[in-house]
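J.: Build me a model from this:
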Amino acid sequence: MAGRSVLVLGGGMCGVGAAWHLLQRGFEVTLVDRRGPGEETSYGNACLIQRECVEPHEFPHDIRMLARIGLGRDNSATYHWDAMPGLVRPLARYWLNSRPGRYRSIVRSYEALIRHCLSEHAPMIEAAGAEDLLARVGFKQLIPTETDFDAQTASARRLQREFGVNSTVLDADALTASEPALRVRMAGAIHWTDPWLVRDPGELVKRYAALFEREGGKIVQGDAMTLTRKGAFWTVGTDAGLIDASSAVIALGPWSDRLMTKLGYNYPLFIKRGYHLHYKPDVPLNTPVMDPVAGMVVVPAKRGTRVTTGAEFAKLGAPPSPRQLVGAEARARELFDLGRAVEDAPWLGNRPCTPDMLPIIGAATSHPGLWLHFGHAHQGFTLGPATGRLLAEMMNGETPYIDPLPYTPSRF
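T.: Sure, this is the predicted structure:
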């Protein structure tokens, strides 16, 4: 199959999503991962396909919030001092891109992807027989005080008006009735009704990967860092020996930067880490709950109630630092009867982020047959099938269903 063979490097949602879409277009596809599908970043998220997330996480401009983060008093964002020298330039660009005028332009490009997340997951879920993992229940964003209630409800109405994002405003009584497990009275909540709960995100990736194999794709374990160009082919070392193909897709999430650097590129990718731990409460939640005080999401997952954290700025591979999860657990125990922890140690994952909050999708600028599909930040699990389709259409010479220009690798 000359010119139609592809190596997809990375077995997370982005890699599997791209591999499946390429297979549908007649490519001969081999998926390469050092472990197995769905065992890294895609495993440990907040269990949501986030249709409501039309506005990416912007860099805060509020001086008081920045001071709280800098002084270590805001649990939603923490940092390692030794990582900061390498983060100065990308974070400065992140801050500039979060200024109102530029941010609104970025939101338009981001929303163009998010609007397709459910419709692109849906056929894969059906074909993979994964309906048992889903609950179409949305999630609730808590509003702790009356001071915040009007602003939060106005923001929800704006997202409905501008982007068609559906939500229901719950007052204190309605929230209490809908979540008996909540033992602290809040001012209310925004119930975002569009998102889908996935009770085991890693298992959904595995179901998609099994679908890919059933339909003719190959999955092998290998070392993506061995990728080299030899003549007209890309070659990578695997447990099955050297495998070559006419094209290669880099979908390695936070590890993409290491391979890109080896190949001579310099993308401003940086890492936001996140943690989770599961608990066994007597009364589970009916829907996931997001608490802005601790920057956490509490989720009724397959293994128990999953408590997830916000963003930790650190080097890739740095030792775990439990402070953020400790703060999240303490807050979660104020709100709910969490019960005992299921695991002895928390899970730690890495989110690959770009300064303009948009993923990198498209052809590499200096190597023929090399394609890039990474930088999805908090939403790789949500967007993997949607951006995988976009990439596959570009590689197949089709007219893309989304304008690919905002995500082009050449913008950096």
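J.: Which strands or helices does the top helix by length along the chain pack on?
T.: In the chain, with assignment by DSSP state H, the single longest helix is helix 146-163. Under the contact definition 3 or more C-beta pairs under 8 Å, 6 or more residues apart in numbering; DSSP states H and E, helix 146-163 sits against strand 139-143, strand 167-171, strand 188-192. In this view, the C-beta of every residue, glycine as well, is placed from N, C-alpha and C.
J.: at 6 Å what do you get?
T.: For helix 146-163, the packing partners by 3 or more C-beta pairs under 6 Å, 6 or more residues apart in numbering; DSSP states H and E come out as strand 188-192.
J.: in its sheet, what does the strand it packs on sit against?
T.: Sheet pairing of strand 188-192 (DSSP bridges) gives strand 139-143 (antiparallel), strand 167-171 (antiparallel).
J.: Distance from it to the middle of the chain?
T.: With C-alpha atoms, centre = their mean, to the nearest Å as the basis, strand 188-192 stands 22 Å off its chain's centre.
J.: Excluding chain neighbours, what is closest to M65?
T.: D74 (6.6 Å; C-beta to C-beta, 6 or more residues apart in numbering).
J.: so that neighbour sits in a helix?
T.: No - assigned with DSSP: H, G, I helix; E, B strand; the rest coil, D74 falls outside any helix and is coil.
J.: So what does G70 look like in phi/psi?
T.: Dihedral pair for G70: phi -60, psi -30, per degrees, to the nearest 10.
J.: What about L211, how many residues nearby?
T.: Look at L211: counted by other C-beta atoms under 10 Å, it has 20 neighbours.
J.: got the contact list for it?
T.: 127-128 (C-beta atoms under 6 Å, 6 or more residues apart in numbering).
J.: same deal with L285?
T.: Contact partners of L285, counting by C-beta under 6 Å, 6+ apart, are 181, 300.
J.: M260 versus that one, what's the distance?
T.: Going from L285 to M260 by C-beta to C-beta, to the nearest Å gives 40 Å.
J.: if we can go back for a sec, shouldn't the residue nearest to M65 be in contact with R68?
T.: Yes - the criterion here is C-beta atoms under 6 Å, and D74 meets it with R68 at 4.0 Å.
J.: Comparing the two, which residue is more hemmed in?
T.: Comparing D74 with R68 by other C-beta under 10 Å, the one with more neighbours is D74, at 20 against 16.
J.: Quick check: phi and psi at that one.
T.: Backbone torsions of D74, given as degrees, to the nearest 10, read phi -120, psi 120.
J.: again, but for the one 4 residues further on
T.: The main-chain torsion angles of T78 are listed as degrees, to the nearest 10 and equal phi -130, psi 170.
J.: What's opposite it in the beta bridge?
T.: Here T78, judged by DSSP bridges, has bridge partners E312.
J.: Which pLDDT value goes with it?
T.: Looking at T78, its pLDDT stands at 95.
J.: where along this structure do the helices fall?
T.: Under DSSP H, the chain gives helices at 13-24, 63-70, 84-97, 100-114, 117-128, 146-163, 172-178, 201-214, 256-262, 323-335, 380-395.
J.: related to what we said a few turns ago, which one of the strands paired with strand 188-192 lies nearest to E213?
T.: strand 139-143 (31.8 Å; C-beta to C-beta).
J.: Any chance you could list what contacts the helix or strand bottoming out on mean pLDDT in the chain?
T.: Here the helix or strand of the chain ranked lowest by mean pLDDT, DSSP states H and E is helix 63-70, holding a mean of 90. Contacts to helix 63-70, defined as C-beta under 6 Å, 6+ apart, come from residues 60, 74, 77.
J.: The last one and L91: what is the separation?
T.: Just to be clear, that refers to A77. For A77 relative to L91 (C-beta to C-beta), the value is 11 Å.
J.: Would you mark the buried spots in stretch 15-27?
T.: Neighbour-count burial for stretch 15-27, counted by 16 or more other C-beta atoms under 10 Å, picks out 15-23, 27.
J.: Let me see the mean pLDDT of it.
T.: Mean pLDDT, computed over stretch 15-27, is 99.
J.: How far off centre is that stretch?
T.: Centroid separation between stretch 15-27 and its chain, computed with C-alpha atoms, centre = their mean, is 19 Å.
J.: same check, this time on stretch 318-330
T.: With C-alpha atoms, centre = their mean, you get 20 Å for stretch 318-330.
J.: which of the residues in it are buried?
T.: 321, 324-325, 327-329.
J.: residue ranges with poor pLDDT in this structure?
T.: Scanning the chain for pLDDT under 70 picks out the ranges 1-2.
J.: repeat that with 50
T.: Residue ranges of the chain with pLDDT under 50: 1.
J.: Residue most distant from the centroid, it?
T.: Each residue of the chain has a distance to the centre, and by C-alpha atoms, centre = their mean the biggest one is for G231: 35.1 Å.
J.: Next up, phi/psi of L358, please.
T.: According to degrees, to the nearest 10, L358 has phi -110, psi 140.
J.: Quickly note the distance from it to P404.
T.: According to C-beta to C-beta, L358 stands 11 Å off from P404.
J.: Those two: which is more packed in?
T.: L358 (21 against 16).
J.: contacting residues around the more buried one?
T.: Contacts of L358 by C-beta under 6 Å, 6+ apart are 109, 406-407.
J.: make it 10 Å
T.: Shown in contact with L358 (C-beta atoms under 10 Å, 6 or more residues apart in numbering): 56, 97, 106, 109-110, 112-113, 375-377, 406-408, 411.
J.: Give me the buried entries from these.
T.: Listed as buried from these are 56, 97, 106, 109-110, 112-113, 375-377, 406-408; burial here means 16+ other C-beta under 10 Å.
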